[in-house]
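**Student:** no sequence on this one, just coordinates:
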């Protein structure tokens, strides 16, 4: 058996895709007087708790597969993730 | 499971100190009553159960004595108040279930979720009766959204964000669930700044012989829990709805439940399919006071008891106490009683839809709710103690006068002007009259493909597939009028809602009411309430629209400031042939414009006093005085019968109730959909032009029709003791209004429409970027 | 000539599509449950509107993995007729049967209203009875209808005349004001290279009966039926 782990997956729209929500929030923050903001993109965040059945390597591969095949639509989105534990 | 004669164990439970009782909203007298009814000290869990069942929200303790006066019967009423929803017979073997309910307090604390779960709750009330929801509407009231004297920026922004959140919440839930939103109303008054009103109406269709009731029966039958797991959300929502608002209650955010419309859609399909198996005996949703309310009410209605084991209740969180499980208001849950031995048929259906369904108890002969945890009794209360023995108050009443002049104030001068085009534009752009497209475009109004008349008209109309029939429905209320005269205002609410239904060509047949008031412990609020009930009773009797159910929402006060007394009436009507339905919009130029009406305008003094309650007085003159317009109910009933007959005979193109903004605003609005205006000449009857143009006399309907039909319309009017004055003709793209032959207002339809169509969006986008952050994040 | 309408648990336009096929197009029709790969010998499949599996992750993200979609993919590859409406369009894009994706509306809000769309190609079974440039009035009702694809795909769509509908003014002009959701080049519907799969955001089933005030949607169904008869 291995140790339980946690995967943190971040999904956002590709840079080439317009992000109207991000843009709206960005505009609002600027109007509200918050300083120093150059750009703002919004995205989704997933926390996946893994049981102890996978090695670190296998867990990495499995999370990668989940992120690629389910959590993102490659036409519009990209992802990154970290694995802890 | 075991039965226990002695009191349940009291080990390790908080002591019931006066503070604990106060936190539960139970007064000293009520506690004495509780002790007498139970015959012993309650456990902490039992106290929790009593506190929600005896709360204003569940027990109607302040309102019950008054509600009894409402008319609730007719040959069409199959189910009156007391069930999840009222049901009326609509013919051809079909019945319709409908009801309105408030979700005011949660919607202020968390507008999006509060409004969403309000819609979710009313939908469950409908489909627990076996009816598939086919239409919803909402009556929404907010604080001002345009700058006003005495309104600070923070409140203005808050009002914007409450409006944004509530509308998105209603949209999100209804759209996903898949039920069309066919109308309703959106109103603004200062009194709703700290206390918005969200009243949700739903209507469903059911075969007459397939109605289900929230009634348990048959000792030994299994009690089955279905739907979402139980979490700690919404604990004490029912008592929250029974308290005034303070800054503290805004901090009680976890009180608000989070809705899952997708799960509710699954629950709908699964429940309707499970009902078809014939294995279900009774079913009730877990709304306010969750498992507590459903357990005791289902037993109570069937004269039996329910025994449940909390270990079996599906739980979302660990370590929940019996108190928390019993009081949780997690959404999208149902309790049902099935026939012994046929559980598997029920389970199979819920499994198909991917839902939890587990047996958590059984029906017992003893008329009591018995709650066990790990096999030990933690609460055992006779049904009657929670319902029949609940406190019943005849709260003191005190006649109240609104702090406004009853006659025209000296600083107001009327009859000095002869040109009103600008006033008409301003009135059309005022928040209560302007287009609400920004709101209803966010609602799916067409799903289920039955919508004949959607939002933006007088009443919503849907067809009933498989028949020729249609159903019309409308929500209305004029709180300013109720503030000036609660009884007359309430009569108007019924009359206008029914008139809007009649204007589609449907015969109004039944009503539901949502009664939003301040603190009932204040005698003047209770007086307003009692007056309102008298008004509704009188109007519903005269218009033959019995009340089949509804909801009372008290304690709509923030920091001691009460709202206007706000009864909202939902009226449902039947069209024998849905193809005869008409809308409010002029259809072409060259048609006659006719006003169908009851009485002649009253004498000048009455008219002046009544004018003070109009939108014109409030918006243009900036003052409110006097009384609501008078209302002759017999004439109103005749008017509604006449218009239905006229429409059914196919004599008109359009019909629209003449209300807010008077004849002038109504004429303009009739033209916006197709760019058709009108040229009319109104008789002043010796009154100043303001009254003629903008007065809001009751019992008037604006019709457009083929000029050849005018005579027949007039004949029908006479038969009903009414008048039908031809005031002019429709023309393309121009509105021109004369009074006694002199033009007093003229503009192109597009110019007027521009003022009317964009006002709401303009109001919401001025200096309110702040709201976008929470709103945008919320919906992601 | 048998039609199949897929039911996902959160479909809510499934009964509407069924009704119009049976009552307006007057064709035999059956429901297909998402959990079963059996297409019951249907000649055309409709993927209806709604919120397939709640769409909490992304519209259509989970639906594409369902057993029924596995069969639909095969059916479409073999040239079978598949019409995706609204959520159905989103699912077909996710499943890779149509190019591109549907993003959140530019205005960030759900929009339900009648819109005008122009027929850009009559070279599909769904539009073969219509005329090129014809403007139809059909309602939309969606939160994610903002069509997006990369430049290469867009060029390909144009070159192969696979943009089937565009949002326009009532007189047929492509303008920014006529675009209700920010769609790339006002795209309202596209087809696959084989021209047998069509996805569109507007709801033709909501505009197919005079009682409901709009009838242009019926033209799409009639066109489809006549194409099937000819075949």
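**Tutor:** Nice, I can see it. What you see is a predicted model, and the numbers here were worked out from it, not measured in a lab.
**Student:** from now on I want contacts and neighbour counts done on CA atoms only, so please keep to that.
**Tutor:** OK.
**Student:** in the chain, what secondary structure element scores lowest on mean pLDDT?
**Tutor:** Just so you know, I chose chain A. helix A:20-31 (a mean of 83; mean pLDDT, DSSP states H and E).
**Student:** nope, chain B
**Tutor:** helix B:769-778 (a mean of 44).
**Student:** strand partners (parallel or antiparallel) of the next helix or strand after the least confident helix or strand of chain A?
**Tutor:** Using DSSP states H and E, the helix or strand that follows helix A:20-31 towards the C-terminus is strand A:43-50. Strand A:43-50 pairs in its sheet with strand A:5-13 (antiparallel), by DSSP bridges.
**Student:** list the buried residues for the partner strand?
**Tutor:** For strand A:5-13, a neighbour-count test (16 or more other C-alpha atoms under 10 Å in any protein chain shown) marks A:5, A:6, A:7, A:9, A:10, A:11, A:12, A:13 as buried.
**Student:** give me the nearest residue to residue 55, chain neighbours excluded.
**Tutor:** Reading this off chain A. residue A:2 (5.9 Å; C-alpha to C-alpha, 6 or more residues apart in numbering or on different chains).
**Student:** try again with chain C
**Tutor:** Residue C:55's closest residue in space is residue C:61 (C-alpha to C-alpha, 6+ apart), at 7.1 Å.
**Student:** what do you get for residue B:312?
**Tutor:** Nearest one to residue B:312, counting by C-alpha to C-alpha, 6+ apart, is residue B:360 at 5.3 Å.
**Student:** any idea how far the one helix or strand the one you found maps to is from the chain center?
**Tutor:** Taking DSSP H and E as the criterion, residue B:360 maps to strand B:357-364. Put simply, strand B:357-364 sits 34 Å off its chain's centre (C-alpha atoms, centre = their mean, to the nearest Å).
**Student:** please pull up the helix or strand immediately following it.
**Tutor:** Next element after strand B:357-364 (DSSP H and E): strand B:368-373.
**Student:** packing partners for that next one?
**Tutor:** helix B:290-302, strand B:305-309, strand B:376-382, helix B:383-386 (3 or more C-alpha pairs under 8 Å, 6 or more residues apart in numbering or on different chains; DSSP states H and E).
**Student:** residues making contact with that strand?
**Tutor:** Strand B:368-373 is touched from outside by B:295-296, B:299-300, B:304-311, B:322, B:377-384, with contacts defined as C-alpha atoms under 8 Å, 6 or more residues apart in numbering or on different chains.
**Student:** quick one: buried ones out of those residues?
**Tutor:** Buried, going by 16+ other C-alpha under 10 Å: B:295-296, B:299-300, B:304-310, B:322, B:377-384, out of the contacts of strand B:368-373.
**Student:** now, which of those lie close to chain A?
**Tutor:** Among the buried ones among the contacts of strand B:368-373, none lies close to chain A by the criterion of C-alpha under 8 Å from any C-alpha of the partner chain.
**Student:** next one: phi and psi at residue C:115?
**Tutor:** In this entry, residue C:115 is assigned phi and psi values of phi -130, psi 170 (degrees, to the nearest 10).
**Student:** pretty sure it sits against residue C:138.
**Tutor:** Yes: Residue C:115 is within contact range of residue C:138, at 5.6 Å (criterion: C-alpha atoms under 8 Å).
**Student:** which one's more surrounded, those two?
**Tutor:** Under the criterion of other C-alpha atoms under 10 Å in any protein chain shown, the comparison of residue C:115 against residue C:138 puts residue C:138 first, with 23 against 19.
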